[in-house]
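Engineer: From the sequence below, what's the structure:
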Amino acid sequence: MKTILFVCVHNSGRSQMAEAMTNAFAKRDGLDVRALSAGTVGGRELNPIAVKAMEEAGISMEGQSPKIMTDEMVKQADKIISMGCGVDAEACPARFILTEDWGLDDPAGQPIEKVREIRDQIRTHVETLLSEIEQVG
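Structural biologist: Below you'll find the model as predicted:
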């Protein structure tokens, strides 16, 4: 099983959406892939607008909550992807670990229309990632 770790600062929006979407699409496509997400700082709760945007797309984030990134998570991951460092460059995961960075805007404090755009950017990235994994086998 391939493990993908999505990391951002607070783990309350982008990385959580990527985790839920990757797990949903991998299950749908019968891929042996699991996604986890974490933050370098960690938040208190999921961004409710991100949860709503995902529900609109038919993907539940139920049972997910912000988590702090651990060494164990990093060691388990086959691929680590940071979401972008627009929130707090000092806490940016790319500073701590070699990652691929998707450079996404932070959904915190954004209206639902902007969060939908971010969700759709995540969808495009996730579909490309899973297609690459599927081709490699």
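Engineer: Pull the contacting residues for A57.
Structural biologist: 21, 119, 123 (CB atoms under 8 Å, 6 or more residues apart in numbering). To be clear about C-beta, it is placed using only N, CA and C from the backbone, and glycine gets the same treatment.
Engineer: most surrounded residue in the residues you listed?
Structural biologist: Counting by other CB atoms under 10 Å, R119 has the largest number of neighbours within the contacts of A57, with 25 neighbours.
Engineer: ok, so what distance separates V136 from I4?
Structural biologist: Using CB to CB, to the nearest Å, V136 is found at 13 Å from I4.
Engineer: quick one, which of those two is more surrounded?
Structural biologist: Neighbours were counted for V136 and for I4 using other CB under 10 Å; I4 has more, 23 against 7.
Engineer: shouldn't Q121 be in contact with L104?
Structural biologist: Yes - with contact defined as CB atoms under 8 Å, Q121 counts as touching L104 (5.9 Å).
Engineer: was I right about I122 contacting E19?
Structural biologist: No - counting by CB under 8 Å, I122 does not reach E19; the two are 9.9 Å apart.
Engineer: Could you check which of the two is surrounded by more residues?
Structural biologist: I122 (29 against 24).
Engineer: Show me what the helix or strand hosting the more buried one packs onto, helices and strands only.
Structural biologist: Here I122, judged by DSSP states H and E, is contained in helix 112-136. Helix 112-136 sits against helix 14-29, helix 48-56, strand 79-82, with contacts defined as 3 or more CB pairs under 8 Å, 6 or more residues apart in numbering; DSSP states H and E.
Engineer: If we use 10 Å, what do you get?
Structural biologist: Contacts defined by 3 or more CB pairs under 10 Å, 6 or more residues apart in numbering; DSSP states H and E place helix 112-136 against strand 2-8, helix 14-29, strand 33-39, helix 48-56, strand 79-82.
Engineer: What residues sit buried inside the second one?
Structural biologist: For helix 14-29, a neighbour-count test (16 or more other CB atoms under 10 Å) marks 14-26 as buried.
Engineer: Pull up the per-residue confidence for the spatially most central residue of the chain.
Structural biologist: Against the mean C-alpha coordinate of the chain, by CA atoms, centre = their mean, the closest residue is S15 at 2.4 Å. Per-residue confidence for S15 comes out at a pLDDT of 96.
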